[in-house]
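# Using only what follows, build the 3D model:
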Amino acid sequence: MNNSERTRRQLMIRFIQDFLESRLAETIDRIPIEMRPRNYQSDRCCVYKDRAMLRYRLMALMGFGMEEEEDESRLLKSYLADAIEGKNNTKPILTVCTVGCAGCVDSHVRVTDACVGCFARPCVSICPKKAVAVINQRSAIDRAKCIDCGRCIAVCPYKAIIRNPLPCEDACPVGAIGKGDDGRVCINFERCIYCGKCFRACPFSTIMIRSELIGILQAFKEGKRVVAMIAPSITEQFPGTIEQLFAALKLAGFSEIIEVALGAELTTRHEAEEFFERMERGDKLMTSSCCPAWTETVKKHVSEMMPMVSVTPSPMAFTGQIAAERYGDAVKVFIGPCLAKRRESQSDPNIDYVMTFEVLGALLAAQQIDIKSVTAEPLEHPAASYARNFAKSCGVTEAILHEIGGETFKNRQHIKIEEKFINGLDRKSLNLIKMYAKGGQEGNFLEVMACNGGCVGGPCSLAR
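Reported below is the predicted structural model:
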């Protein structure tokens, strides 16, 4: 756990404790001062900036972004009242807190003091844009000409040329984040796929998630029936058995627990059927559809791939249907490591809120619930092991291979699945996907996961 994660989780725990004990309205404006007293060794330039960042983190926990702040003197208590009334989360899922942005330099290639102006000058020879020249016995790069290809970095014998990163921009696979005119980071939501890579990469915690936590906590306090829909990757995140975890969730306030792996079973069955139907009608390729960051990528950046994407609902969507059928008007909460699921839930009437594993960890810690000490109970509807494996890269493919090898599809065995997979979206894999769209790659089933390793590598994971 780095310092950013530690601070974020400590704040969540304090926030949840005070809310559940009905004192948050009285304490919320003092939390930044109590967590960063005057004699605290500040993390930034001064303790007052530390407090400002904690203030904006608290706003994000309540579903607000810094960009909505019209009056800096407005008390957090006032935002809390609005959040309880549901006047929050009216803007995009991510928010950028410019107070915390250090104004990092743009990502670029530069020459360091290690350059000795060698006679060979491979950096000059290799540059395709003639952007490198030797001036006063030292290489220099003309940034107006440089295309950041990195070839000079690779050939320098002294390792004197490096790339200065802009972490959030470098992490984004679709060029949705970068510097604004004021030198601070801004997100272009027309391009954003909500993969959360920028959130994880920012070393100053400038990029924040506008949480839906208040709605969930308020439902607990009002005694509503709250259903937790647990993503398959949860077994990688918490100690103890899954049976103990389910019992712990009930102690935390959830009335019912459903494995999203049950929805994965339905996704597998329908996606296998869809695959055979597509191949029988002459399609050359079908891709998976369960990763919402992937489907956002297709909509916004590779539209020519759209006809090849499966129309089968995701495991979360199927699980939402199950929850609606079983529990009617109960409050339904999806819990997982994924930021893009928030985006997907916005168009799903069966999902009321999305909670990340990080927030769930804080909820359990705030109530001092130790999963390993909880008495386990048998699961009423345990999911199949292949469906629980959906969370890992190639897990979707393995589940479909398991399904098509069964009795249901025994009369269609003449159609062979030629599976391929993309483990994590980045700029290189995006170029590969564009080649698939043009029919330039082998395979008839392509599994795409935005996060490296699959959902277990999600941006809001506890363990990775």
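# Look up how far residue 451 lies from the closest residue to residue 235 other than its chain neighbours.
In this structure, residue 235 finds its nearest non-sequential neighbour in residue 242, 5.8 Å apart by CB to CB, 6 or more residues apart in numbering. From N, CA and C alone the C-beta is placed, and that goes for glycine too. Relative to residue 451, residue 242 is positioned 21 Å away (criterion: CB to CB, to the nearest Å).
# neighbour-wise, which of the two wins?
Taking neighbours as other CB atoms under 10 Å, residue 242 and residue 451 compare with residue 451 leading, 28 against 20.
# Go ahead and confirm that one touches residue 459.
Yes: using CB atoms under 8 Å, residue 451 is in contact with residue 459, at 7.1 Å.
# what's the overlap in contacts for those two?
195, 337-338 (CB atoms under 8 Å, 6 or more residues apart in numbering).
# Out of the residues you listed, list just those in strands.
Among the shared contacts of residue 451 and residue 459, no residue falls in strands (DSSP state E).
# Of those residues - the most surrounded one?
residue 195 leads those on contacts (other CB under 10 Å) with 30 neighbours.
# And the helix or strand of the chain with the lowest mean pLDDT, what does it pack against?
When the helices and strands of the chain are compared on mean pLDDT, DSSP states H and E, strand 177-179 comes out lowest with a mean of 89. Contact partners of strand 177-179 among helices and strands, from 3 or more CB pairs under 8 Å, 6 or more residues apart in numbering; DSSP states H and E: helix 167-171, strand 185-187.
# Show me the chain divided up by domain.
Using automatic domain parsing, the domain parsing of the chain gives 3-103+175-211, 108-164, 216-457.
# closest to residue 463 out of those?
Closest to residue 463 of those is domain 216-457 (CB to CB; 5.4 Å).
# rewinding a little: closest to residue 7 out of the shared contacts of residue 451 and residue 459?
Distances from residue 7 to those, taken by CB to CB, are shortest for residue 337, at 19.5 Å.
# Phi first, then psi, for residue 462.
phi -90, psi -40 (degrees, to the nearest 10).
# Please list all residues in contact with it.
Contacts of residue 462 by CB under 8 Å, 6+ apart are 237-238, 357-358, 361.
# Tabulate the shared contacts of residue 451 and residue 459 in TSV, adding columns for pLDDT.
Output for the shared contacts of residue 451 and residue 459, formatted as TSV (pLDDT from 0 to 100):
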residue	pLDDT
195	96
337	95
338	94
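# Can I get the residues you listed in TSV including distance to residue 67?
Below are the shared contacts of residue 451 and residue 459 laid out as TSV (distance: CB to CB, whole Å):
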residue	distance to residue 67
195	21
337	26
338	24
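# And residue 59, how close does it get to residue 235?
From residue 59 to residue 235 the distance is 33 Å (CB to CB).
# Compare those two and say which is more crowded by neighbours.
residue 59 (25 against 17).
# Just checking: what are the partner strands of the least confident helix or strand of the chain?
In the sheet, strand 177-179 lines up against strand 185-187 (antiparallel) (DSSP bridges).
# Put the alpha carbons of the next helix or strand after the partner strand into PDB.
Sequence-wise, the next helix or strand downstream of strand 185-187 (DSSP states H and E) is helix 197-201. Provided in PDB are the C-alpha atoms of helix 197-201 (Å, rounded to 0.1, in the frame of the first residue of the first chain):
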ATOM      1  CA  LYS A 197      -5.800   3.500 -15.500                       C
ATOM      2  CA  CYS A 198      -5.300   7.200 -14.900                       C
ATOM      3  CA  PHE A 199      -6.800   7.000 -11.400                       C
ATOM      4  CA  ARG A 200      -4.300   4.300 -10.500                       C
ATOM      5  CA  ALA A 201      -1.300   6.000 -12.200                       C
END
